[in-house]
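[1] Kindly generate the corresponding structure for this input.
(2 chains)
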Amino acid sequence: MAKVTIDNHVVEVPDGTTILQAARLIGGDIVPPTMCYYSKLEGSGGKCRTCLVKVSQSSGKDSRPMPKLVASCSTPVADGMVVQNITSPEVLEARKAIVEFLLINHPLDCPVCDQAGECDLQNLSYEHGLETTRYKEERRDYPSVDIGPYVKLHMNRCILCYRCVYTADQIAGKRIHGILYRGDVAEISTFIQNSIENEFSGNIIDVCPVGALTDKTFRFKSRVWFLNPFLAHRDCPTCSGKVTVWKFGKEIYRVTGRKDQFGEVDEFICNTCRFDKKGSEDWIIESPANIDKQSVISQNHYMKIKKGSIIKPLEQKTEPQD
Amino acid sequence: MQLTNRSKIVSNKKMTFVERLYFPAIFKGMMITLSHFFAKKATIDYPKEKREFSEIYRGQHVLKRDDQGRERCTACGLCALACPAEAITMVAEERLPSEEHLYREEKYAKTYEINMLRCIFCGLCEEACPKEAIFLTKRIVDAEYSRDKFIYGKDKLVEPLELDLRIDISKRQIPEVLEFKKDKTQRHNK
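    So this is what the prediction gives:
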């Protein structure tokens, strides 16, 4: 067991736990945001650098700080480690820069994008208060590629988090899409012009942190904040059948997996549940889904809305000069 | 107990002879009426004569087109979300490759309706719009005989294609915005 201090909160976790997992055990504001790490997918993480934290004391025996900020999703804890996340101005400054980097090639087409309202990148950039871009060059532009009848790929919006690649490998069994080319021109695609039709392939929509992979059956039907999410289930032979249905009036507009407080799907669902079962007789409604109070989806849902706070870098304490 | 200073104590005192004649009082009242007859009128003869409007008067909405005549609205739903009266509804549709000269973005509003009876002309839709598509104008919503005619669809809201019939909204924009729009390095302005 290792005792770690994260932003002055002490938690005891088994050896080998990552800093991010330890922070999630504490919960609240101190959990570093993640764009590529997904706890249900093995090997994910370490790509987006959004979860960078400062380790101000490496362990109980070694009181020196780690020389650079570390990615909390892939750094294991040590006994006596002291970690700073939102209490460190350095981390907030770095995270702001990371968000700026992620947005360099991201098109500002939120008004068109179906993910708007439940987009991790949108929330992250709102939180860090970026209002303008300093990037003046042309953004990269990919020709549109058809990757199958269910999933719409918008490569321009992709941040190359690899989550969908891991999902196809680990959940859907057979993977026919992946990252082609490298560096600047890397892109998600199928080789060559293949169609993704695996029974669990729809989950790549849920894991995508941005609007790069969206539901074709829901494309431009409505906006997420006009829909009411309900927890529902059905007797499904292939998956657990536990889903969230998004209704507009009595009509079911789309079906997604149930997401937990960190925006990760609890149980992956099959394509039949997700794309084909949209009649109200298909589902047994359990209860209204819990909506995050800071989410735009809670607009008009008879709850008190708390606006998301904008994190400002902490003011450096200046030494009093005699 | 006295509640206000305006209460009057009723007196039953006997009227004098002049008062009992009533004619002086009637004449006095008539003079007041007559003075109003020559006073300046508070009303105007509306359809023939129109009052001066503020340049930023919030009247009937317009859905703008861009320089190339394409509709700016992309049916993002932010105006409907911002609307406190829930007067706006829309249905989005994907643009076909053959319609690129009609709609600016990949997605467009197939139907866009504003219920002018619900609308309170607060201008929040205009403020929420990220595409500079909806503006309130100096025009007044016409009177109608039935309620369903107040639901304005795209036929009444979208401005005409002809350049000389376009509705000028440049007065509604602050100088900083107009200055920003000149900057062609911004993707927004291309």
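
[2] Run a quick check on A:Leu103 versus A:Leu130, I expect a contact.
    Yes: using CB atoms under 8 Å, A:Leu103 is in contact with A:Leu130, at 6.9 Å. To be clear about C-beta, it is placed using only N, CA and C from the backbone, and glycine gets the same treatment.

[3] of those two, who's got more company?
    More crowded of A:Leu103 and A:Leu130, by other CB atoms under 10 Å in any protein chain shown: A:Leu103, with 18 against 15.

[4] Give me the distance between the more buried one and chain B.
    Computed as CB to the nearest CB, to the nearest Å, the A:Leu103 to chain B distance reads 12 Å.

[5] roughly how far apart are that residue and A:Gly202?
    27 Å (CB to CB, to the nearest Å).

[6] right, is stretch A:204-216 up against chain B?
    No: applying CB under 8 Å from any CB of the partner chain, one finds stretch A:204-216 out of contact with chain B, separated by at least 10.3 Å.

[7] Just want the most central residue of chain A.
    Closest to where the C-alpha atoms of chain A average out (CA atoms, centre = their mean) is A:Pro209, at 4.0 Å.

[8] Enumerate every residue touching that residue.
    Neighbouring residues of A:Pro209 by CB atoms under 8 Å, 6 or more residues apart in numbering or on different chains: A:35-36, A:119-121, A:159, A:161, A:163, A:263.

[9] out of the residues you listed, who's nearest A:Thr238?
    Relative to A:Thr238, the closest of the contacts of A:Pro209 is A:Arg163; by CB to CB it sits at 21.8 Å.

[10] list the contacts for residue 151?
    Using chain A. Here A:Val151 is in contact with A:196, A:201-202, A:204-205, A:213-216 (CB under 8 Å, 6+ apart).

[11] Hmm, no, I was thinking of chain B.
    By CB under 8 Å, 6+ apart, the contact list for B:Ile151 reads B:113-116.

[12] Farthest-apart pair in the residues you listed, please.
    B:Glu113 and B:Met116 (9.9 Å).

[13] just to revisit the earlier point, out of the contacts of A:Val151, the closest to chain B would be?
    Checking those against chain B with CB to the nearest CB, the nearest one is A:Lys216 at 10.3 Å.

[14] Can you classify the closest residue to the closest one other than its chain neighbours by secondary structure?
    Once flanking residues are discounted, A:Lys216 sits nearest to A:Lys152: 4.8 Å by CB to CB, 6 or more residues apart in numbering or on different chains. Per DSSP: H, G, I helix; E, B strand; the rest coil, the local secondary structure of A:Lys152 is strand.

[15] Out of the contacts of A:Pro209, show me where the pLDDT dips lowest.
    In this model, the minimum pLDDT among the contacts of A:Pro209 belongs to A:Gly263 (86).

[16] wait, that one sits on A:Leu124?
    No: the criterion here is CB under 8 Å, and A:Gly263 misses it with A:Leu124 at 11.1 Å.

[17] neighbour-wise, which of those two wins?
    With neighbours defined as other CB under 10 Å, A:Gly263 and A:Leu124 compare such that A:Leu124 has more, 21 against 16.

[18] and after the host helix or strand of A:Val53, which helix or strand comes next?
    Element membership for A:Val53, per DSSP states H and E: strand A:52-57. With elements assigned by DSSP H and E, the helix or strand that comes after strand A:52-57 is strand A:70-71.

[19] what's whichever helix or strand comes after that next one in contact with?
    Of the helices and strands lying after strand A:70-71 in sequence (DSSP H and E), the nearest is strand A:82-84. With contact meaning CB under 8 Å, 6+ apart, strand A:82-84 is reached by A:4-7, A:19, A:23, A:53-57, A:72, A:91.

[20] Go through the helix ranked longest in chain A and flag the buried ones.
    For chain A, the longest helix by residue count, based on DSSP state H, is helix A:89-102. Neighbour counts over helix A:89-102 (16 or more other CB atoms under 10 Å in any protein chain shown) mark A:89, A:91-92, A:94-96, A:98-99, A:102 as buried.

[21] And these, which is closest to chain B?
    Closest to chain B, out of all of the buried residues of helix A:89-102 and judged by CB to the nearest CB, is A:Leu102, at 16.8 Å.

[22] For the chain, which segments count as helices?
    All of this refers to chain A. Using DSSP H, the helices of chain A run over residues A:19-26, A:89-102, A:120-127, A:163-170, A:203-207, A:271.

[23] You answered for a different chain; I wanted chain B.
    Counting by DSSP H, chain B has helices at residues B:17-21, B:23-38, B:78-82, B:124-128, B:154-157, B:175-182.

[24] tell me the contacts of residue 61?
    You didn't pick a chain, so chain A it is. A:Lys61 sits next to A:Gly80 when contact means CB under 8 Å, 6+ apart.

[25] think we crossed wires, I meant chain B
    Residues near B:His61 by CB under 8 Å, 6+ apart: B:114, B:119, B:125-126, B:134-137, B:152, B:157.

[26] Swap in 10 Å and give it another go.
    B:His61 sits next to B:79, B:87-88, B:112, B:114, B:116, B:119, B:121, B:123, B:125-126, B:134-137, B:139, B:141, B:152, B:156-157 when contact means CB atoms under 10 Å, 6 or more residues apart in numbering or on different chains.
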